[in-house]
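Kindly generate the corresponding structure for this input.
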Amino acid sequence: MQAGSDSILHADSASPVQRLSCDPTSPSAPFLSPPLLDNNFNKTLLLNISTCLLLDKRKTRPGRHYIHLPIQPICCTTDFPFTPLGIFLVIIHLRMLLHPLLAQLLIILASFCNVLTALPEPEPWFGDFLGTLPDPQKIGIFGKVYAVNSTCVQILNFTYNGQAPDLFFWMDTETIPSARGVKLSTFESGDSMLTPYYNKHVVLILPPNVALSDYKTFGLWCQSCTQDFGHIRIPDGFTPPNPQFLTHGLKATTKGVRYNVGSGPILILDRRTVKIYGLTFQGNRAPDSFFFVGKGSEPRRNDGIKVPIRGKDSPTDISNLKELYNGEKDIILELPEDHDIYNIDWISIYCLRFAVNFAFVKIQAISDRIPPYVPVPVQRSKIPEFKREPWTTVTLLGKPPRNNFTFQLGPPGGLRAYESWAKAKPGEFVWYVNGYMAPELWVQRGVTYKIRVEGGDDSVLERFFNPLYISDDPYGGYSKLTDDDRQQITVYAGLNKQNLPLDGSDTTEEKSYGRLCRFINRHPEIIPDRLDSFLEYRKNLVLRCLKNSPGIFYWTPDDRTPDVVYYQSYTNFNMGWKIIVTDEIPSDVPFTEQESYSYELLDSEDEQLYSQHRDPLLQGNAGIRPKRQCNGRSNEISMLSHQAKRRPRVLFTQRQVQQLESRFKQQHYLTAFERDEMAKKLKLTSHQVKIWFQNRRYKFKRVRQDKTLELTVNFPKLHHSSLPLLLQPGEAYQTSKNPFDCRFLTSQTVSSHFLISSALPHSCTTQCMPIQSSSFPWQQS
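As a prediction, this is how the structure comes out:
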């Protein structure tokens, strides 16, 4: 309604009534004379205030004073023409100049107008009320019965003194309960007879393949005395509240397409529970992503709240989405207590760090009979629970002369380890620094630190290629971020001016990636959460390294370095932790004394197995050289090798090899879905197809390196200088040793007579090549 209109409608009638103007310059503006106790005036005044709510605050004029006056919810207790209005918020912009009589207006509203009172919060809806349990046997039975949905009943304030011989909840298809009815189990008693209850909340789930509409009575039945202890009737044709599907699933935005985000149908199970079928999302590549709900036309960071995934998060501990969702499993979202499906406008997969909406679905056309949320009682497990206290975080001090940090790979432990203190879900590996899992490092400004990196240098296998960099970003994965995301991150060490890993090509010959050293669990059957500390967990670890050289670079924090930065992997998310930067490291900081630890160097045969994603630990101990000593913190680890027989090799038929080779020419990496389809077609296992592709990629890499070396010998550098290669119009080729440089890749593949699309892995991304994502048959367009 516009401010200039002269009438409004009653809340309960269609007849217009005169209203006072909200503009003080209007002849009908209310100038009050003391004291006004006339109830008719109060009615008109309230009607006027309600109308002022409709004024558009954007039409206010500069230079004038306005009042933002919150009015409490209204409940009419006089003969005011409105019927009781329930609960609603009236927030008005009272368009009037500051006037001495304004104070009198507020006093009248607060003191004399008895129609302004605060109402209590509305009672929650428990479902369709079926009735109150009677107590014909006078044994203290009481309870209000509600139908939650077609298969669930809840009873509020259920009371029973326990005096019946064997009493059960009972449903029957007859109008009068009989012994032919069906017994219902409870979470508290199971199939046993009911124990005494006093004002308890009871939730009952019907047996499979039946619904409330199949029965006519619900009540209590004593089996030994075959007697009805009270029942209620279920109305004929009863239709309980039902879940509802949304019109479509999650739809990716422009920025979400690169992460292959989407879903199947979305089902609203109840007012606080949403099930998403067939979620697809490359959470292992996307930064800092969460499920997000809120109000507004589209998702915005300040208009929403994170929501937990059932089985993964808790209401107080919600970790980001770091898994690869390929559509093979469904997830269930649980809205917070102060939210339900009726006060949110959308569900989104949202990047909080960069305020980017990857995908969302609007909540619209929702039935008003969505089932109520029912917190199901948790059954006490017969299995003893493990302690969930986090392991103590290790602190390493970078005090002279200990200015060296060695970074290697290792397992992330259980829920009490990295995930507990970093509040992030790790991948397969995390950084081990000087032999300790993701410690907190303390460094001093003006001191130069030597960083030794042994996280893998195989650029074909992403999991074994982890250049180290230091930045203000707590999540890592810099290579997977967009240009917009990178602009919000400051890198302090590990990358060059082109934001690529240091590769030893400059005058300093510094490298931020090097050979692979990896801690392996010798006893994978041991559950980390059963252990009380990392030191206890580390006794089961063995460190093995390949023969290549480590990467080494130097870092000197200065005045421009913030107080907290993070060490992370360039290619993978959530592998590192924080670095505390100070002008001088305090003497009272608790720290761990660093000790020496040992490793085993692998020979060429084991190196090949290691590169092919197999644990050399499982392949026997042939070729393992004597232990080497490292300076780092940790007790010396026993490097006992297990004698194990090698697994028999799989012999493929000629037809299978031809089919596999043909598919490999098309793409070097298969998704889980594509791998399963291929295995079914060739009558192999999915694991056999996976291993074949791993071995084939390794062979492809070796062949490519050999050809590159041969061409380098036959064609001297002068040849390239005399024949420049045009990559783009007007841009001449320049040699580069950086494997991340698009020109380097182009030069190698052109010299080797390979096209760039076939010379790189299917999922590889360079400056010349857009990100490619797999599509799944269930993904919506």
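
drop to CA atoms for contacts and neighbour counts, all remaining ones
Noted.

Show the contacting residues for Gly131.
With contacts defined as Cα atoms under 8 Å, 6 or more residues apart in numbering, Gly131 is in contact with 144-146, 232.

okay, those in CSV with neighbour count next?
Below are those laid out as CSV (neighbours: other Cα atoms under 10 Å):
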residue, neighbour count
Lys144, 16
Val145, 25
Tyr146, 21
Ile232, 20
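
and of those, the nearest to Asn496?
Tyr146 (65.6 Å; Cα to Cα).

any idea which element the closest residue to the closest one other than its chain neighbours lies in?
Sequence neighbours aside, Phe129 is the residue nearest to Tyr146 in space, at 4.5 Å (criterion: Cα to Cα, 6 or more residues apart in numbering). Here Phe129 sits within strand 128-132, counting by DSSP states H and E.

in that strand, what's buried?
Neighbour-count burial for strand 128-132, with 16 or more other Cα atoms under 10 Å as criterion, is recorded at 128, 130-132.

contacting residues around the spatially closest residue to Gly256 that is not a sequence neighbour?
Once flanking residues are discounted, Gly256 sits nearest to Phe358: 3.9 Å by Cα to Cα, 6+ apart. Residues near Phe358 by Cα under 8 Å, 6+ apart: 252-257, 261, 348-351.

do that again at 6 Å, thanks
If you count contacts by Cα atoms under 6 Å, 6 or more residues apart in numbering, Phe358 has them with 252-253, 255-256, 349-350.

A helix includes it, no?
No. Per DSSP: H, G, I helix; E, B strand; the rest coil, Phe358 lies outside any helix segment and is strand.

how many neighbours does Gln137 have?
12 (other Cα atoms under 10 Å).

Ok, Thr561 next?
Count around Thr561 with other Cα under 10 Å applied: 17.

got it, and the one 10 residues further on?
Residues within reach of Thr571, counting by other Cα under 10 Å, total 21.

circling back to that earlier point, with the buried residues of strand 128-132 in mind, which one is nearest to Glu328?
For these, the nearest to Glu328 is Asp128 (35.6 Å; Cα to Cα).

pLDDT score for the closest one?
Predicted confidence (pLDDT) for Asp128: 92.

ok, it - contacts?
146-147.

Domain map for this structure?
7-112, 128-233, 244-362, 395-631, 660-759 (automatic domain parsing).

Lowest average pLDDT across these?
domain 7-112 (a mean of 42).

coming back round to it: just the buried residues of strand 128-132 now: which is nearest Ser459?
Of the buried residues of strand 128-132, the one sitting nearest to Ser459 (Cα to Cα) turns out to be Asp128, at 60.8 Å.

Next one: that closest one relative to Val145, how far apart?
9 Å (Cα to Cα, to the nearest Å).

same deal with Gln223?
22 Å.

Most neighbours out of the contacts of Phe358, which is it?
Tyr350 leads the contacts of Phe358 on contacts (other Cα under 10 Å) with 29 neighbours.

Now do that residue against Val307, distance only.
Distance from Tyr350 to Val307, by Cα to Cα: 11 Å.

With Pro412 instead?
Using Cα to Cα, we find Pro412 at a distance of 25 Å from Val307.

Spatially nearest residue to Pro265 (excluding sequence neighbours)?
Using Cα to Cα, 6+ apart and skipping the chain neighbours, the partner closest in space to Pro265 is Gly249 (4.8 Å).

My assumption is that that neighbour lies in a strand; please confirm.
No. Using three-state DSSP, the assignment for Gly249 is coil, not a strand.

Pull the contacting residues for it.
263-266.

Which ones among these map onto helices?
Cross-referencing the contacts of Gly249 against helices under DSSP state H gives no overlap.

Turn those residues into JSON lines, including distance to Glu337 and neighbour count.
Converted to JSON lines, the contacts of Gly249 look like this (distance: Cα to Cα, whole Å; neighbours: other Cα atoms under 10 Å):
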{"residue": "Ser263", "distance to Glu337": "25", "neighbour count": "25"}
{"residue": "Gly264", "distance to Glu337": "26", "neighbour count": "19"}
{"residue": "Pro265", "distance to Glu337": "24", "neighbour count": "18"}
{"residue": "Ile266", "distance to Glu337": "21", "neighbour count": "23"}
